[in-house]
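# What shape does this take:
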Amino acid sequence: MFDRKIYSLYAITFLTACAVGPDFIQPPPPSNVGYEVGGFAPINKELQVTQQNFELGQSAILEWWQLFQSDALNAVVEKSINNNENLKASEARLLQSQDLLRAGYGIFFPHIGLSIGASRQLISPALLGQSNQGSIFNLTTASANVSYTLDVFGGGRRQVEALKAQVDLQRHIHAATYLMLSSNIVNTSIARTAYQQVIRQTEELIVLEKEQLKLAHAQVTGGVKTYSTILFLLEDISKNEALLAPLRQKLSQADHLLASLEGVDPSHVMIPKFSLEDLSLPLDMPVSLPSDLVRQRPDILSAQAQLHIASANIGVATANMFPSITLGAGFGIASNSFANLSSPNQEFWSIGPSINIPIFQGGSLFYGRQAAKDFFKFSQASYRQVVLDAFSQVADCLTAIEHNAQLFDANTNLKKSSMEVLRLAKINYQAGLINYSDVLSADIQLHHAQIDYLQSLANRYQDSVALYVAIGGGLSDSQWH
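Okay, the predicted model is just below:
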């Protein structure tokens, strides 16, 4: 008899140590993959302007925006991180998931309840098969109960496992919100400054073209040029004036977006005051290895957490198909008056296990488990697609940095050439060798070159931001715990 009890105890211990359903295995890092066809390509060293270098296998620093070396930019990013409502909301969701996990651990502990009640009742004796008249009486009860559900098949543990994965998911979503907020602030600040400087250059260009128009009127009156010259100049002026309204609208939209990101209304927005030339272009650009990328990017880690949740839910659905065992006990006292609760022979109690065996549920349990397995397959495919999209994004950033560096090199050379042409034109004008209209033409060409230069410079900064975001912005799973 004693041995039988020991064997029964061993059997229960063994069963409670197991959990049905698959054990989640973290997807292995990719192997034999790359970012570009034919392997990793370094930046063209033949370019004449300041170069950026790709450092393969390196990760970004957490506060990567400080590499642009702008106090004004740093101040706006810091304000946004402190005040942004989306970031606060994601933090609250993270805290909620952590509290839900703490609540979920309650299934591993006994549940204890206390009940006190007082009522006045009328019971019909007919309910007891009697024909006498019913009586009215008072009933006061006080009872306590204890119940504990044995997690024999591990359904409770799988539920807690899913809650843990939910915490991971919310943590990675919070990290992604942080990353996107910082990148949006930096990109919007750069774009706003570029709009402002291009507007200024365009306004100066229109002034020069109008001055050129005055000279053309005089030349047409003197018979030196034809009237078509005036028409061509009017057309150029109209085209440039038409560019101003959209640029000013984009500038206003950038201000409004900055306000939203900073967590303030548009009337209290902090405008970053710097020029594009004030920023420093990060020269050493980190490029994470594909095997490291899947452990850094918040979107990949979020997809992995979703996969973990789907795996745990298979275990929950599987456990629901097996019997559940609950141990329970209760004790109480009852009396017709509160004063007599302590009288002898008023106690009642119960103790014993209960088992719930699902025999026929119309297929709901079976197909519920099938649905959980189907969702796991969906999560697997979604995870793989997120990884592929991440590789593609990094590849896009690498080629964008390379090609926009070439464009910036050409625009820089064009700007230098235009400045030299204007310098020589002024010298020749002072020497009486050319007309003032030639100086205006050279100055107009310089302004066109400066506009192209500013746009390509802004693109280079934003390409750098895009690469920092693509590799996870310096975030890692260990840093965000």
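
# could you point out where the chain is predicted with low confidence?
1-17, 37-50, 339, 341, 476-481 (pLDDT under 70).

# any chance you could map the helices in it?
Along the chain, the segments classed as helices by DSSP state H run 2-16, 71-83, 85-104, 155-221, 227-262, 290-293, 298-319, 364-430, 436-470.

# Of all those helices, which one is nearest Ile136?
helix 85-104 (43.6 Å; Cβ to Cβ). In short, each C-beta sits where N, CA and C put it, glycine included.

# now the closest one: how far from the chain's centre is it?
15 Å (Cα atoms, centre = their mean, to the nearest Å).

# Stretch 131-151: which residues count as buried?
Using 16 or more other Cβ atoms under 10 Å as the test for burial, stretch 131-151 gives 140-143, 145, 148-151.

# quick revisit: would you mind finding the most buried of the helices of the chain?
The highest mean neighbour count among the helices of the chain, using mean count of other Cβ atoms under 10 Å, belongs to helix 298-319: a mean of 23.

# which strands and helices sit next to that one?
Helix 298-319 sits against helix 155-221, helix 364-430, with contacts defined as 3 or more Cβ pairs under 8 Å, 6 or more residues apart in numbering; DSSP states H and E.

# Dump the ones you listed to JSON lines, plus distance to Val264.
Listed next are the helices and strands packed on helix 298-319 as JSON lines, based on distance: least, Cβ to Cβ, whole Å:
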{"stretch": "helix 155-221", "distance to Val264": "13"}
{"stretch": "helix 364-430", "distance to Val264": "31"}
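
# Relative to Glu63, which of these is closest?
Across the helices and strands packed on helix 298-319, the minimum distance to Glu63, taken as Cβ to Cβ, is reached by helix 155-221, at 8.3 Å.

# From the contact counts, what lies against the closest one?
The helices and strands touching helix 155-221, judged by 3+ Cβ pairs under 8 Å, 6+ apart, are helix 71-83, helix 85-104, helix 227-262, helix 298-319, helix 436-470.

# and with 10 Å instead?
Applying 3 or more Cβ pairs under 10 Å, 6 or more residues apart in numbering; DSSP states H and E, we find helix 155-221 packed against helix 71-83, helix 85-104, strand 135-150, helix 227-262, helix 298-319, helix 436-470.

# mind giving me JSON lines with these and columns for distance to Asp396?
Shown next, in JSON lines, are those (distance: least, Cβ to Cβ, whole Å):
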{"stretch": "helix 71-83", "distance to Asp396": "24"}
{"stretch": "helix 85-104", "distance to Asp396": "25"}
{"stretch": "strand 135-150", "distance to Asp396": "52"}
{"stretch": "helix 227-262", "distance to Asp396": "23"}
{"stretch": "helix 298-319", "distance to Asp396": "15"}
{"stretch": "helix 436-470", "distance to Asp396": "8"}
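
# Out of those, which is closest to Gln51?
helix 436-470 (10.9 Å).

# Which among the helices and strands packed on helix 298-319 is found nearest to Pro272?
Comparing these against Pro272 with Cβ to Cβ, the closest turns out to be helix 155-221 (4.6 Å).

# Now do the closest one against helix 227-262: the angle between them, please.
In terms of direction (axes from the mean of the first three to the mean of the last three Cα atoms, to 10 degrees), helix 155-221 departs from helix 227-262 by 160 degrees.
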